[in-house]
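**Student:** quick one, what's the 3D model for this:
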Amino acid sequence: QLQLVESGGDSVQSGGSLRLSCTTSEFTLVAYPIGWARQAPGKEREEVSCISTEGGATTYAESVKGRFTISRDYAQNTVYLQMNNLKPEDTAVYYCAVVGRDYYNGTYYCENYNQWGRGTQVTVSS
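**Tutor:** Model (predicted):
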């Protein structure tokens with residue numbers, strides 16, 4: 001079991017920004033595609049974004065496109081999720097995970113999220 005650790009969650013007002021971090025001391029993140037997903041109370045987990053091993057390819061859910069940016073810091077062994085213009089509907093527990101399969105089919109896709117972290121809470125108030 002690979003252990004990922006998320007941090008950076010907080011309570012902010014609508015329109016605010018947060019940067020979430022995903023890291024581990026157990027392995028090198030660059031060896032895997034990494035994804036972010038979120039789960040709001042009473043809702044299914046939603047895959048939000050993922051990034052390829054070399055960082056050259058990314059993908060976003062339609063609900064966050066243009067507001068969220070995923071990136072890697074190789075020196076810090078960290079994957080970030082920069083979240084801008086936050087909305088109340090972004091309120092959820094955010095998780096990072098190893099992506100089991102990624103591929104191109106005209107667009108970059110990520111599948112089989114696994115090795116979930118414990119999550120970090122993001123709360124956006126109106």
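**Student:** list the beta-bridge partners for the most centrally placed residue in the chain.
**Tutor:** Nearest to the geometric centre of the chain sits Trp36, at 2.3 Å (Cα atoms, centre = their mean). Legend: beta-bridge partners of Trp36 under DSSP bridges are Ser49, Cys96.
**Student:** what's the spacing between it and Ser126?
**Tutor:** Distance of Trp36 to Ser126, given as Cβ to Cβ, to the nearest Å: 23 Å. Backbone N, C-alpha and C define where each C-beta goes, glycine included.
**Student:** ditto for Gly9
**Tutor:** Distance, Gly9 to Ser126, using Cβ to Cβ: 18 Å.
**Student:** which one's more surrounded, those two?
**Tutor:** Comparing Gly9 with Ser126 by other Cβ atoms under 10 Å, the one with more neighbours is Gly9, at 17 against 8.
**Student:** so where do the helices sit in this protein?
**Tutor:** For the chain, applying DSSP state H gives no helices.
**Student:** can you pull out the low-pLDDT segments for it?
**Tutor:** Along the chain, the model assigns pLDDT under 70 to no residue.
**Student:** please repeat the previous calculation with a cut-off of 90.
**Tutor:** Residue ranges of the chain with pLDDT under 90: 1-3, 26-27, 30, 54-56, 115-117.
**Student:** can you map out the strands along it?
**Tutor:** Using DSSP state E, the strands of the chain run over 5-7, 11-13, 18-23, 34-39, 46-51, 58-60, 68-73, 78-83, 92-104, 108-114, 120-125.
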